[in-house]
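Q: pasted the sequence and its predicted model underneath.
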Amino acid sequence: MQSDPPDQRQHSSSLFTTTQLALTKIQPRLGSVPYLNARPLHWTIREPVTFLEPNVLAAELADGRLDAGLVPIFSILDNADAYHVVDGYAIGSLNIVYSVVLSHVLPVVRLKTVALDPASMTSNHLARVLLQKYYRITPSYVSADEAADAQVIIGDPAIAYRQSHPNERFLDLSQSWHSHTGLPFVFAAWAIRRDARDAKGIARELREAAAAGLQQRSAMARTPFENRYLNDYLYYHLNMPQKRAIEKFAADLVEIGLLARAPDLSYI
């Protein structure tokens with residue numbers, strides 16, 4: 001399944017119009033990921049959006065080359081003092097997500113090596129939390145080009161791989177998280193640098209874009225599966241259950257030594 005080329009996206013409304021730019025004084029530099037799961041949150045943004053793999057996008061935001069980005073939740077937790085989080089909308093799942101998986105050849109409790117996805121931060125860390133805290137195993141973690149008993153795969157590549165390998169075994173990481181914690185999971189959210197001009201204005205416009213995009217999920221889907229994926233597997237609202245899930249993920253990361261401390265996030 002292919003990603004969205006920026007010059008082929010359709011738009012039905014404008015974000016950061018001339019009037020709105022007069023309020024923000026500058027046109028925000030926005031970044032998102034070229035995956036189907038992010039499509040509803042950037043679909044109605046007319047102004048240029050930089051599309052990058054999650055890890056690269058997070059680095060660009062951290063280095064100040066973007067004002068706001070739809071970045072992995074781990075990168076927000078790891079650099080919380082630098083960001084505001086746009087309240088109300090995010091990329092998550094209530095249970096099964098389908099596109100964030102651990103493909104494995106052995107039973108999960110017997111895994112000795114796990115290959116991590118080079119594009120991912122949150123999903124790699126979620127896999128480590130699940131395996132170490134909940135499955136009580138400590139496999140070795142290797143790069144994606146090394147042989148391993150299991151491999152983390154995310155996004156559109158995960159969808160394509162699952163559809164072309166229907167007989168392989170997959171652990172849906174969001175479903176596993178829900179089964180162990182009873183909580184939803186949040187994979188990514190809009191983060192705005194705290195030094196960005198008019199951060200509250202940017203947050204307001206990103207919420208309006210998300211609300212408009214979510215109304216068009218069926219129209220933007222190119223196949224019946226995409227329609228089901230966008231409407232049934234993914235959950236785009238950031239409410240109290242999602243915030244509790246983020247807090248729980250942060251606490252688990254601290255417990256197994258992957259995060260120095262659980263931060264207090266600034267939602268705007």
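A: It's in.
Q: for the top strand by length along the chain, list the C-alpha coordinates in PDB.
A: Longest strand in the chain by number of residues (criterion: DSSP state E): strand 83-93. The C-alpha coordinates for strand 83-93 follow below in PDB (Å, rounded to 0.1, in the frame of the first residue of the first chain):
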ATOM      1  CA  TYR A  83       6.600  20.700  23.300                       C
ATOM      2  CA  HIS A  84       3.000  21.400  23.700                       C
ATOM      3  CA  VAL A  85       0.600  18.600  22.700                       C
ATOM      4  CA  VAL A  86      -2.400  19.500  20.600                       C
ATOM      5  CA  ASP A  87      -5.400  18.400  22.700                       C
ATOM      6  CA  GLY A  88      -8.400  16.600  21.200                       C
ATOM      7  CA  TYR A  89      -6.900  14.500  18.400                       C
ATOM      8  CA  ALA A  90      -4.200  12.000  17.900                       C
ATOM      9  CA  ILE A  91      -3.500   8.700  16.100                       C
ATOM     10  CA  GLY A  92      -4.500   5.700  18.300                       C
ATOM     11  CA  SER A  93      -6.500   2.600  18.600                       C
END
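Q: for this protein, what spans make up the helices?
A: Assigned by DSSP state H, the chain shows helices spanning 18-24, 39-42, 54-62, 73-78, 122-129, 155-164, 173-181, 199-214, 217-220, 224-228, 240-255.
Q: can I get these in a markdown table with distance to residue 88?
A: (Glycine included, C-beta is placed from N, CA and C.) Listed next are those as a markdown table, based on distance: least, CB to CB, whole Å:
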| stretch | distance to residue 88 |
| --- | --- |
| helix 18-24 | 18 |
| helix 39-42 | 11 |
| helix 54-62 | 19 |
| helix 73-78 | 15 |
| helix 122-129 | 19 |
| helix 155-164 | 23 |
| helix 173-181 | 20 |
| helix 199-214 | 5 |
| helix 217-220 | 17 |
| helix 224-228 | 23 |
| helix 240-255 | 10 |
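Q: weakest of these in terms of mean pLDDT?
A: Among those, helix 18-24 has the lowest mean pLDDT, at a mean of 33.
Q: can you list the domains in the chain?
A: Following automatic domain parsing, one finds the domains of the chain at 14-93+184-241, 100-181.
Q: now the end-to-end length of the shortest one.
A: The first and final residues of domain 100-181 sit 17 Å from each other (CA to CA, to the nearest Å).
Q: likewise for stretch 34-51?
A: End-to-end distance of stretch 34-51 (CA to CA): 6 Å.
Q: quick one on the thing from earlier: among the helices of the chain, which comes closest to residue 108?
A: With CB to CB as the criterion, residue 108 lies closest to helix 173-181 of these, at 8.6 Å.
Q: give the other helices and strands that that closest one contacts.
A: Using 3 or more CB pairs under 8 Å, 6 or more residues apart in numbering; DSSP states H and E, the elements in contact with helix 173-181 are strand 100-104, helix 122-129, strand 185-193.
Q: list of residues touching that helix?
A: Outside helix 173-181, the residues within contact range by CB atoms under 8 Å, 6 or more residues apart in numbering are 92-97, 100-102, 123, 126-127, 129-130, 134, 152, 183-185, 187, 245, 248.
Q: residues of that helix that come out buried?
A: Residues of helix 173-181 classed as buried: 173-178, 181 (neighbour count, 16 or more other CB atoms under 10 Å).
Q: one more: stretch 235-255?
A: Under 16+ other CB under 10 Å, the buried positions of stretch 235-255 are 235-236, 238, 241-243, 245-250, 252-253.
Q: please export the C-alpha coordinates of it as CSV.
A: In CSV, the C-alpha atoms belonging to stretch 235-255 read as follows (Å, rounded to 0.1, in the frame of the first residue of the first chain):
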residue,chain,number,x,y,z
TYR,A,235,-9.3,6.0,16.9
TYR,A,236,-8.5,9.7,16.4
HIS,A,237,-9.8,11.3,19.6
LEU,A,238,-7.5,12.3,22.5
ASN,A,239,-9.6,12.2,25.6
MET,A,240,-9.1,11.2,29.2
PRO,A,241,-8.7,7.4,28.5
GLN,A,242,-6.0,8.2,25.9
LYS,A,243,-4.2,10.5,28.3
ARG,A,244,-4.3,7.8,31.0
ALA,A,245,-2.9,5.4,28.4
ILE,A,246,0.0,7.8,27.7
GLU,A,247,0.7,8.1,31.4
LYS,A,248,0.7,4.4,31.8
PHE,A,249,3.0,3.9,28.8
ALA,A,250,5.4,6.5,30.3
ALA,A,251,5.4,4.8,33.6
ASP,A,252,6.1,1.4,32.0
LEU,A,253,9.0,2.9,30.0
VAL,A,254,10.5,4.3,33.2
GLU,A,255,10.0,1.0,35.0
